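Undergrad: sharing a model that was predicted from the sequence below.
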Amino acid sequence: MHGNGRGVDLGRLSGTIRTAALSETKTSSNIALNEPHEGERDMTEKIDRREFLRRSAGSSMAIVALGGGGALAALPKHTSTTKPAPELAPLTFQLGWVKNAEWSGEYIADSRGYYKAAGFRSVTLLAGGPTAPPIESVVTAGKALSGVSSPNITASAIQQGAPVKTVAVQYQKNPYVIMSLASNPIRTPQEMIGKTIGIPTGEAALFAAFLKVNHINPGKVHTVPVSFDPSDLPNHQVDGRVAFLTNEPIALAAQGVHTYTFLFADHNYPLVNNNYVVTDRALAKNREAVKAMLRAEIQGWQRSLADPELGPRLDVTNYGSTLGLTLTSAIEQSKAQNELIVSPATRKNGIFTMTPELIDENMRLLALGGVKLPASNLWDFSVLEEVYQEDPALR
């Protein structure tokens, strides 16, 4: 999501977004799904996911009025030691964007039956898109148990009264990078000084914060507004540009353009991304369902980490088959995002966790953007810890 980062659309391999009709995902076992929900919308050619996320942050005020609501046969990473799960209501899960390879873990959890094993009778994966409402509004309206958002959007919504919490985090590192040509690389923030850097729509505040935390005078970096089409880099209109590790570098590589990137997260900007959002009411009244969802998600993503080609194959043949994505690019996206999910801390504590130090760093960055609230108002990892305590083999 934007200003925080969550845009991954490999449908635009030639620099433009492909237009595609989106539809509800059918489970691999052909179980009847929930009644139709909003969120499966057409893509537009002028708004990609990152622009959508930026707009979502600005529209979070609307959340307050809603109030609280309630063929690949590899085995899972472990054998669960938990007791058989009681049957739960059907699960509706809101994805943060269209059904591309970004949601490989969810596709695997569905197709491999992890959601069903956790107790859910059926599952509906709702696609997001440029016209879909913010994740926070979907869960507070009771249209989904959970969804994947970005911390700055969630924090802004909470500031404005939304009764939600982050209970887990997929990306330990944000996908934002500075992308330059491999033949003329920009290797560090300091090497941007004296260079022309392209700033896509809505990214100016983010880039300004990045300069600030790296003690770089903005006047020493020449910035120019650019679209999300990365062709300005190989056309030598810019020396570098703000991009997503999981998007533009892969798109240009498909065209034979080799790039060099460095992550914002490796240079004093450790904002996490793809955070799981649930309502306070769900944590209090529907905790077992939240735990079951997280258990299935962990299993799905562990499988994706072990086999980064599995999710993309499910995507291009089933879940996102209408998007016109290529398997090669989907696999590259899957491999790139796996590098964002795993860290030394998650290898020790389990995926989706955050250390106290990382939480503190994120709160500091959010404060730079004007979001000031106690960390306990945004993060609640107690339910995730319960999942790992009840089933230590999941770690």
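TA: Noted; the coordinates are in hand.
Undergrad: what does the domain assignment say about the protein?
TA: For the chain, automatic domain parsing gives the domain ranges 49-173+272-394, 176-266.
Undergrad: which stretch in these is the model least sure about?
TA: Least confident of these, judged by mean pLDDT, is domain 49-173+272-394 with a mean of 88.
Undergrad: list the residues that contact Asn275.
TA: Counting by CB atoms under 8 Å, 6 or more residues apart in numbering, Asn275 touches 148-151, 154, 166, 168-170. Every residue, glycine included, has its C-beta placed from N, CA and C.
Undergrad: most surrounded residue in the residues you listed?
TA: Ser149 (32 neighbours; other CB atoms under 10 Å).
Undergrad: that one contacts Asn273, doesn't it?
TA: No: under the criterion of CB atoms under 8 Å, Ser149 makes no contact with Asn273, lying 9.0 Å away.
Undergrad: in the protein, mark out all the strands, start to finish.
TA: Assigned by DSSP state E, the strands in the chain fall at 91-94, 123-126, 146-149, 164-171, 176-181, 196-200, 222-226, 240-244, 259-263, 273-279.
Undergrad: want to try a markdown table for those, with distance to Glu332 as columns?
TA: Output for the strands of the chain, formatted as a markdown table (distance: least, CB to CB, whole Å):
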| stretch | distance to Glu332 |
| --- | --- |
| strand 91-94 | 25 |
| strand 123-126 | 22 |
| strand 146-149 | 21 |
| strand 164-171 | 17 |
| strand 176-181 | 15 |
| strand 196-200 | 21 |
| strand 222-226 | 23 |
| strand 240-244 | 13 |
| strand 259-263 | 13 |
| strand 273-279 | 18 |
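Undergrad: of all those, which lies closest to Ser321?
TA: Across the strands of the chain, Ser321 has its closest neighbour in strand 123-126 (13.6 Å, CB to CB).
Undergrad: in its sheet, what does that closest one sit against?
TA: strand 91-94 (parallel) (DSSP bridges).
Undergrad: and the partner strand, how far from the chain's centre?
TA: Centre-to-centre, strand 91-94 and its host chain are 15 Å apart (CA atoms, centre = their mean, to the nearest Å).
Undergrad: show me which positions of stretch 374-384 end up buried.
TA: Buried residues in stretch 374-384, defined by neighbour count with 16 or more other CB atoms under 10 Å: 378-381, 383-384.
Undergrad: for stretch 204-212, same thing?
TA: Under 16+ other CB under 10 Å, the buried positions of stretch 204-212 are 206-207, 209-211.
Undergrad: one more: stretch 223-234?
TA: Those would be 223, 226, 228-233, for stretch 223-234 by 16+ other CB under 10 Å.
Undergrad: ok so, going back, columns distance to Ile193 on top of the buried residues of stretch 204-212, output as a markdown table?
TA: Conversion of the buried residues of stretch 204-212 to a markdown table gives the following (distance: CB to CB, whole Å):
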| residue | distance to Ile193 |
| --- | --- |
| Leu206 | 18 |
| Phe207 | 14 |
| Ala209 | 17 |
| Phe210 | 13 |
| Leu211 | 10 |
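Undergrad: against Thr154, how distant is the closest residue in space to Gln94 that isn't next to it in sequence?
TA: In this structure, Gln94 finds its nearest non-sequential neighbour in Gly147, 3.1 Å apart by CB to CB, 6 or more residues apart in numbering. Distance of Gly147 to Thr154, given as CB to CB, to the nearest Å: 10 Å.
Undergrad: can you work out which residues contact both of the two?
TA: With CB under 8 Å, 6+ apart, Gly147 and Thr154 have common neighbours 135, 277.
Undergrad: sorry, back to before: among the domains of the chain, which is the most enclosed?
TA: Neighbour counts (mean count of other CB atoms under 10 Å) averaged over each of the domains of the chain peak at domain 49-173+272-394, with a mean of 21.
Undergrad: how distant is that domain from the center of its chain?
TA: Its chain's C-alpha centre and that of domain 49-173+272-394 lie 8 Å apart, by CA atoms, centre = their mean.
Undergrad: so which of the strands of the chain gets nearest Gly320?
TA: strand 123-126 (10.5 Å).
Undergrad: surely Met179 meets Pro249?
TA: Yes: the pair Met179 / Pro249 is scored as a contact, 5.8 Å apart, by CB under 8 Å.
Undergrad: what do these two both touch?
TA: Shared contacts of Met179 and Pro249, counting by CB under 8 Å, 6+ apart, come down to 243, 259, 261.
Undergrad: give me the contacts around stretch 257-270.
TA: For stretch 257-270, using CB under 8 Å, 6+ apart, the contacting residues are 173-183, 185-189, 209-210, 213-214, 233-234, 243, 245, 248-249, 252-253, 271, 358, 361-362, 365.
Undergrad: residue nearest the centroid of the protein?
TA: When CA atoms, centre = their mean is applied to the chain, the residue found nearest the centroid is Asn274 (3.3 Å).
Undergrad: now that residue: closest residue in space, sequence neighbours ignored.
TA: Per CB to CB, 6+ apart, closest to Asn274 is Gln170, 3.7 Å.
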